[in-house]
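Undergrad: Turn this into a structure:
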Amino acid sequence: MTAATTMKPAQARGESDPALLAASAVGVIAAATLAGAWFFQLVLDILPCPLCLEQRYAYYLAVPLAALVAIAAAKRAPRAVLIGGLLLLALAALGNAGLGAYHAGVEWGFWPGPTDCTGPVGNLGSAGSLLSRLDSVKVIRCDEVQFRFLGVSLAGYNVLISLLMAAIAALGTARTAKAL
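TA: Residues are numbered from 1 along each chain as shown. Predicted coordinates for the structure are as follows:
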């Protein structure tokens, strides 16, 4: 018995596993995006606002989930498991694109943002310690853009990256569903 006889027909023809490729691509993109976010925060001192931090949740989900789907694809897991994992990745990325679009709209002033990151600064304590507290507190507002590249904020880039991840996961889902 040869390796070609034990493979699925698509693999015997030399084609790649679409679930493995899609999950791997989404995982790499998500990990690179998180690394970039941490680089901006820790090296360039561009601190995230509360909405920025919430947008990272989808990436924190995508990295391990994409790894699990890729491992499952490599181990020849049932197609339903692979499709379910890829669909979950696509939905998480689409939800994150929506959150990023909301954040970008707050930055452009299209609608108000959450009061915890766009409202007035709250109680800073007694008058005697006010100056020392003001020196130690850095308020990061969701409606103020700290960094733009080519006119697009980091929230805008999050939308683009999330849509790319969703498209890759959806394409992987469709190709996995069609694979024999």
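
Undergrad: Where does pLDDT dip in this structure?
TA: Along the chain, the model assigns pLDDT under 70 to residues 1-15, 115-139, 141-143, 145, 147-148, 152, 180.

Undergrad: what about the strands in it?
TA: Under the criterion DSSP state E, strands of the chain are mapped to 148-149, 152-153.

Undergrad: All the helices of the protein, residue numbers only.
TA: With DSSP state H as the definition, the chain shows helices at residue ranges 3-6, 9-12, 18-42, 50-74, 79-108, 115-118, 130-136, 154-178.

Undergrad: Format the ones you listed as a markdown table; extra columns: distance to Gln146 and mean neighbour count.
TA: C-beta here means a position set from N, CA and C on the backbone, and glycine is covered the same way. Shown next, in a markdown table, are the helices of the chain (distance: least, Cβ to Cβ, whole Å; neighbours: other Cβ atoms under 10 Å):
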| stretch | distance to Gln146 | mean neighbour count |
| --- | --- | --- |
| helix 3-6 | 54 | 9 |
| helix 9-12 | 47 | 13 |
| helix 18-42 | 9 | 19 |
| helix 50-74 | 9 | 19 |
| helix 79-108 | 10 | 20 |
| helix 115-118 | 13 | 14 |
| helix 130-136 | 19 | 10 |
| helix 154-178 | 8 | 20 |
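
Undergrad: what's near enough to touch Gly172?
TA: For Gly172, the contact set (Cβ atoms under 8 Å, 6 or more residues apart in numbering) comprises 18-19, 21-23, 26, 86.

Undergrad: if we go to 10 Å?
TA: By Cβ atoms under 10 Å, 6 or more residues apart in numbering, the contact list for Gly172 reads 17-26, 69, 73, 82-83, 85-87, 89-90.
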